[in-house]
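Engineer: Using only what follows, build the 3D model:
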Amino acid sequence: MNRVPARKTPFRWPRPSRRTGLILAVVAVAVLALFLLFDWNWFKGPVERQVQARTGREFRIGGNLDVDLGRVTTVRADGLRLGNAAWSKEPAMAVARRAELDIEIWPLLRGEVRIPEIRLLEPRLRLETGPGKQGNWDFGPGGDTDVHFHRLWVRDGRLQYLDAAEKTDIDIRLDSVAPQGARSAPSVAVEGGGHWTGEPFRLQGHADSPLALRDTRQPYRIDLRAQAGPTRAHARGTLLDPLRLRDFDLKLRLAGRDLEDLYPLLGIALPPTPPYQLDGRFTRAGDTWRYDGFSGQVGDSDLAGTASVTVGRVRPLFQANLVSKRLDFDDLAGFVGASPQSGAGETSNTQQETLAAQQRAQARVLPDTPYDLAKLRAMDADVRWKAHRINAPKLPLDDMDAHLRLEGGLLQLDPLNFGVAEGDIRSTIRMDARTDTIRTRADIAVRRLNLGRLFPDAEITRTAIGRIGGDLAITGTGNSIARILGSADGDIAIGMGKGQISNLLMELAGLDIAESLKFLLTRDKTVPVRCAFGDFAVQDGVMHARTLAFDTTDTLIVGKGDISLKEETLDLELRPRPKDRSLLALRSPLVVGGTFRDPSFRPDFKRLGLRGATALALVSIAPPAALLATLELGPGKDAGCGGRYAR
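Structural biologist: Next up is the predicted model:
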């Protein structure tokens, strides 16, 4: 007979007695009271010692320490202060009125510190470089931590950066900006200024969270605008290790009144220029800073290309490959110590307008502004510049090809070529600024210049035909263009072979009044040119004419005299010898005098007065004889024109 199994009785906790319930209630109240009344300041000492052990710097919590426990625990502390490096004159590297840290509890069990967010009120951070370019943010061997930060919120912050060796101090205000997404870190609004390499500047814009500065392997994004005097810059892009400016990839827009102003800021010695604006890609790799693919305007010229500066050498090396589709010629004036043109339709700055007015008021033409020897010796350079078209309304310039090299104060332009009037002017110029006085040599070859295009504003020469060529070889000493030419020695020879020129021009040169009036009242004609040439010996800034002649089938002009590059004066006598018979031809020489700024062309009045008096006397006696006295018989049949420039 089967047994029926007994039913199991379920387990039940014993019902607490009234006494037990009272005890539990007292314990709960005690724990709650302990939690509510617990003074977290007891932990200030251990926290301070822990931070000091990790950073090697003294750390103090001057105010209260409070904690809100939870899965993500919030720690609040007031009056924080982190000590500075031992070599700094300032005792504190960082202070804050209040700091709040959210700490994830469970990762602590794995020995990992994760801080989702830090909130700082009135933080002050001082970053500076010391001996051996060491930064106070380098905490030494004990500075590595396993702390992971995510977000930082700053209110009324201040960041200072000082580098005494580079004459740089930066003081900026920081305030966090609400992030675009819930998981992204807040960026900071930046505004402030200071000095960069001794030059004052202002700065504003946005940058990534300062927490990102700790990871030198990740790009740090910025969008900043800065102004140093008249120079403005807009940088946007990313940096790696921004405190050391080690590597970066930025779009950089530069604008200012003069590229010369970059010298105190960046150490790049550029010549004076009109106002400019450029935009390109700014990068750094090692010791080389590059400005690639830039384009923009300098004065009234367009400019594009690449440029780089390599440091870590005895002298920085500036390299550039430049192209201008249209080059305004007067924008090059700064290279020779002159000022670009000013006024309506011209781009220049206030200083250049003042300089241009002063130069116009001076009696001299050649620029006497001295070159800055310190700049010529401050850096090395290798620059190529091509201009496809040149705008020069009063000059027949077509294009330009230049290669400038500068090393230790020795500047060479080889070549410096200009397309001129469908021909070429090819130059090699050497300027040695390694001594206190610049020694210059210029070798210039003039080839196949079209006479008809040589004087664009002269209507009388537009029908002229002929090709001009020659060679110039001079040396000089001095620290300005005026002084170099004013001390020049060498040879200058230039000439033209067969061609044709306005008959009116030749009759005017020959002072043939009757013929000139005829051409003025009717249509001008042309006359064949046999040759023209001038050969000058240059000594101590004075060009002395060894031979000077212009020979046509109509008139032979021979000349003599001097041109002073030192005094900027002209003293030439041109003797026209018409080859035709003309009733009113006056056989007096033409004197070319005056200055470079105010030249004069006049006949020899003494001889004209003598001829006039003779004519009047003859008129009173025998009019036909008076007419005979004005007849120009000419030297007879033309002879061949000599000299190698006539061939």
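Engineer: low pLDDT regions in the stretch 351-500 of the chain?
Structural biologist: When residues are selected by pLDDT under 70, those of the stretch 351-500 of the chain lie in 456-463.
Engineer: which residues in it form helices?
Structural biologist: Counting by DSSP state H, counting those that start in this stretch, the stretch 351-500 of the chain has helices at residues 373-378, 451-454, 481-486.
Engineer: and R114, which of those is closest to it?
Structural biologist: Among these, helix 373-378 comes nearest to R114, with 51.1 Å by CB to CB. Backbone N, C-alpha and C define where each C-beta goes, glycine included.
Engineer: Just the CA trace of that closest one, in CSV.
Structural biologist: Coordinates of each C-alpha in helix 373-378 appear next as CSV, following Å, rounded to 0.1, in the frame of the first residue of the first chain:
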residue,chain,number,x,y,z
LEU,A,373,71.6,95.7,-44.1
ALA,A,374,70.2,93.8,-41.0
LYS,A,375,67.3,92.4,-43.1
LEU,A,376,69.6,91.4,-46.0
ARG,A,377,71.7,89.4,-43.6
ALA,A,378,68.8,88.0,-41.5
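Engineer: Not counting residues beside it along the chain, what's closest to D399?
Structural biologist: Using CB to CB, 6 or more residues apart in numbering and skipping residues adjacent in sequence, the residue nearest D399 is G419, 4.3 Å away.
Engineer: The one you found: what's it in contact with?
Structural biologist: Neighbour list for G419: I390, L397, D398, D399, M400 [criterion: CB atoms under 8 Å, 6 or more residues apart in numbering].
Engineer: Kindly report the same for N41.
Structural biologist: Contacts of N41 by CB under 8 Å, 6+ apart are N64, L65.
Engineer: Run through the helices of the chain in chain order.
Structural biologist: For the chain, the helices defined by DSSP state H occupy 18-37, 44-55, 262-266, 350-361, 373-378, 451-454, 481-486, 503-509, 513-521, 605-621, 623-629.
Engineer: Quickly, which of those bottoms out on average pLDDT?
Structural biologist: Here the lowest mean pLDDT among the helices of the chain goes to helix 623-629, at a mean of 30.
Engineer: Can you say which two of the contacts of G419 are spatially most distant?
Structural biologist: D398 and M400 (8.5 Å).
Engineer: And these two? Which one has more around it.
Structural biologist: Counted by other CB atoms under 10 Å, D398 and M400 do not tie: M400 has more neighbours, with 20 against 17.
Engineer: Kindly state the beta-bridge partners for that one.
Structural biologist: A387, F418 (DSSP bridges).
Engineer: wait, G229 sits on E199?
Structural biologist: Yes: look at G229 against E199 with CB atoms under 8 Å: they come within range, at 6.8 Å.
Engineer: Could you give the separation of stretch 311-322 from the chain centroid?
Structural biologist: Relative to its parent chain, stretch 311-322 has a centroid offset of 14 Å by CA atoms, centre = their mean, to the nearest Å.
Engineer: Quick check: closest non-adjacent residue to R364.
Structural biologist: That would be E568: by CB to CB, 6+ apart, it lies 5.3 Å from R364.
Engineer: so the one you found sits right up against G594, yeah?
Structural biologist: No: using CB under 8 Å, E568 is not in contact with G594; the gap is 9.7 Å.
Engineer: Look at those two and report which has more neighbours.
Structural biologist: In this view E568 and G594 are compared by other CB under 10 Å, and E568 has more residues nearby, 20 against 15.
Engineer: Mean confidence (pLDDT) on stretch 238-246, please.
Structural biologist: The pLDDT scores in stretch 238-246 average 67.
Engineer: Check the gap between V336 and G193 for me.
Structural biologist: 36 Å (CB to CB, to the nearest Å).
Engineer: next one: I425
Structural biologist: For I425, the distance to G193 equals 48 Å [CB to CB].
Engineer: just S176 next, same as before
Structural biologist: To G193, S176 is 20 Å away according to CB to CB.
Engineer: Settle it for me: which of these two has more neighbours?
Structural biologist: Set side by side, S176 and G193 show more neighbours around S176, with 20 against 17, by other CB under 10 Å.
Engineer: Wait, that one touches V154, no?
Structural biologist: Yes: the pair S176 / V154 is scored as a contact, 4.8 Å apart, by CB under 8 Å.
Engineer: Can you pull the residues that touch both of the two?
Structural biologist: V188.
Engineer: Tell me which of the helices of the stretch 351-500 of the chain is the most buried.
Structural biologist: Comparing the helices of the stretch 351-500 of the chain by mean neighbour count (mean count of other CB atoms under 10 Å), helix 481-486 comes out on top with a mean of 22.
Engineer: for that helix, packing partners?
Structural biologist: Where contact means 3 or more CB pairs under 8 Å, 6 or more residues apart in numbering; DSSP states H and E, helix 481-486 is packed against strand 467-477.
Engineer: which other residues reach the strand it packs on?
Structural biologist: Where contact means CB under 8 Å, 6+ apart, the residues beyond strand 467-477 that reach it are 423, 437-451, 454, 483-497, 499, 538, 541, 645.
Engineer: That'll do, ta.
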